[in-house]
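# Got a predicted structure plus its sequence, pasted below:
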Amino acid sequence: MAEFLIEVHESDFGYDVSCPTLQGCHSQGATEEEAIENIRDAIQEYLAALQDLNRDR
């Protein structure tokens, strides 16, 4: 898998995390570790959706 920069921010509810390279790719978690694991899943799903869109063209 390619590497992507992520941004992690502590919030009142845990941690918010985003991938600035992939517009709209965000996640969250109760702990920093959980948030990072969740954004990994979100990135994989985001990239899979892009592949599906490109196949339909």
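Cool, got the structure. Note that the coordinates shown come from a computational prediction; the quantities given were computed from them, not determined experimentally. Numbering: from 1, shown residues only.

# give me the element the residue nearest in space to the middle of the chain is part of.
Against the mean C-alpha coordinate of the chain, by CA atoms, centre = their mean, the closest residue is I39 at 3.3 Å. I39 belongs to helix 32-55 when assigned by DSSP states H and E.

# same question, V8
strand 7-11.

# about what we covered before: do you know how far the residue nearest to the centre of the chain is from L22?
To L22, I39 is 10 Å away according to CB to CB, to the nearest Å. Every residue, glycine included, has its C-beta placed from N, CA and C.

# what packs against the strand holding V8?
strand 14-18, helix 32-55 (3 or more CB pairs under 8 Å, 6 or more residues apart in numbering; DSSP states H and E).

# let's see 6 Å
Counting contacts by 3 or more CB pairs under 6 Å, 6 or more residues apart in numbering; DSSP states H and E, strand 7-11 is packed against strand 14-18.

# Tell me which strands the strand it packs on pairs with, and in which orientation.
Within its sheet, and counting by DSSP bridges, strand 14-18 is paired with strand 7-11 (antiparallel), strand 26-29 (antiparallel).

# what's the spacing between that strand and its chain's center?
Taking CA atoms, centre = their mean, to the nearest Å, the mean C-alpha location of strand 14-18 is offset from the chain mean by 10 Å.

# and it, average pLDDT?
What strand 14-18 shows for mean pLDDT is 98.

# Could you list the low-pLDDT ranges of this structure?
1 (pLDDT under 70).

# Recalculate using a threshold of 90.
Counting by pLDDT under 90, the chain contains low-confidence ranges at 1-2, 53-57.
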